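Engineer: Structural data only, the sequence is not supplied:
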């Protein structure tokens, strides 16, 4: 009788251990399909974007393409990070000036996250989105590009102080 009671319990322990340990596989080095720079170029071209290469250094290749919104024609830079863990989508919003309110820019960061807003080393105001470079599909990339361009459009009153 005791054997019958312990058998389901033993089976539950074995199954739960399998589920728990399988959840750690990704954290312990399971490899995912990552896009190379060439793969990113081919994916963006396949999505219908016309690309211009703006970074040619091996390992730091970067392409630019434009997306039209209601108010803007937004040039977006796309590149695979040096670590190969991210695909960076970046938009230059122009030079920072005294017309920009630093508090507004900081508040904007909270509104658009996970899109980031930052200053480049040349004091260009930038918006960027880091896409996790694991099993990236054209559909996922399209959603991220749309998020970034919508954030640029929606935040124009803060950054477009020309």
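Structural biologist: Yep, it's here. All figures in this text were calculated on a predicted structure; none of them were measured in a lab.
Engineer: Test my guess that residue 119 contacts residue 125.
Structural biologist: Yes - under the criterion of CB atoms under 8 Å, residue 119 makes contact with residue 125 at 6.3 Å. (Glycine included, C-beta is placed from N, CA and C.)
Engineer: who touches both of the two?
Structural biologist: Taking CB atoms under 8 Å, 6 or more residues apart in numbering as the contact rule, residue 119 and residue 125 both touch residue 96.
Engineer: higher neighbour count, the two?
Structural biologist: Using other CB atoms under 10 Å, the more surrounded residue of residue 119 and residue 125 is residue 125, with 21 against 13.
Engineer: my guess is that one meets residue 97, correct?
Structural biologist: No - between residue 125 and residue 97 there is no contact under CB under 8 Å: 9.0 Å.
Engineer: domain assignment for the chain?
Structural biologist: 1-30, 37-159 (automatic domain parsing).
Engineer: I'd like the mean pLDDT over the shortest one, please.
Structural biologist: What it means is domain 1-30. Mean per-residue pLDDT for domain 1-30: 48.
Engineer: and if you look at stretch 110-126?
Structural biologist: pLDDT averaged over stretch 110-126 gives 95.
Engineer: And for that stretch, what's in contact with it?
Structural biologist: Against stretch 110-126 from outside (CB under 8 Å, 6+ apart): 90-96, 100, 105, 108-109, 127-130, 147-148, 151, 154-155, 159.
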